[in-house]
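I would like to see how this sequence folds:
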Amino acid sequence: MAIAALITWLITAVGGFVMLAGWIGRGGHRPGSSGRLSPTMVFTHLLLAAVGLIVWIIYVAADTDALAWVAFILLLPVALLGFTMFARWLGSRRTSGAPESRFPMPVVLGHGLFAAVTLVLVLLTAVGVGE
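So this is what the prediction gives:
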């Protein structure tokens with residue numbers, strides 16, 4: 001299950017980087033941007049997710065139970081930020097000038113779906129299901 005979580009986490013990261021590249025390319029990170037996603041929110045989401053992924057990779061290599069819980073705890077604010085950004089993205093789809101308004105729907109939905117699966121797999125691994 002730990003490897004499955006790693007795979008879904010990596011797939012989630014790919015989708016996130018696709019959206020990040022588009023957002024930055026359209027100036028979403030610049031002050032005064034017309035977007036609804038703040039740079040602080042986006043980069044905090046990215047940073048916490050990346051740190052969690054690194055912790056998860058170390059967990060997979062070392063099999064130290066505490067690291068599974070650390071990764072899960074890191075994922076909680078990542079998920080909260082992700083839900084917040086999703087809600088703001090839904091509103092920005094009607095604003096043609098917003099940098100995030102052109103995120104491809106399949107990428108957004110896939111990112112969210114794989115993120116949710118990752119969260120569940122990390123929790124199940126942390127509680128010892130599948131050992």
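
neighbouring contacts of stretch 46-60?
2-3, 5-6, 9-10, 12-13, 16, 20, 64, 67-68, 70-71, 74-75, 77-78, 81, 122 (Cβ atoms under 8 Å, 6 or more residues apart in numbering). Quick note: C-beta positions are derived from backbone N, CA and C, even for glycine.

what is the longest helix anywhere in the chain packed up against?
Scanning the chain for the longest helix, with DSSP state H as the assignment, gives helix 65-92. Judged by 3 or more Cβ pairs under 8 Å, 6 or more residues apart in numbering; DSSP states H and E, helix 65-92 is in contact with helix 39-62, helix 105-126.

could these go into a markdown table alongside mean pLDDT, distance to Ser33 and mean neighbour count?
Listed next are these as a markdown table, based on pLDDT from 0 to 100; distance: least, Cβ to Cβ, whole Å; neighbours: other Cβ atoms under 10 Å:
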| stretch | mean pLDDT | distance to Ser33 | mean neighbour count |
| --- | --- | --- | --- |
| helix 39-62 | 97 | 8 | 16 |
| helix 105-126 | 97 | 18 | 18 |
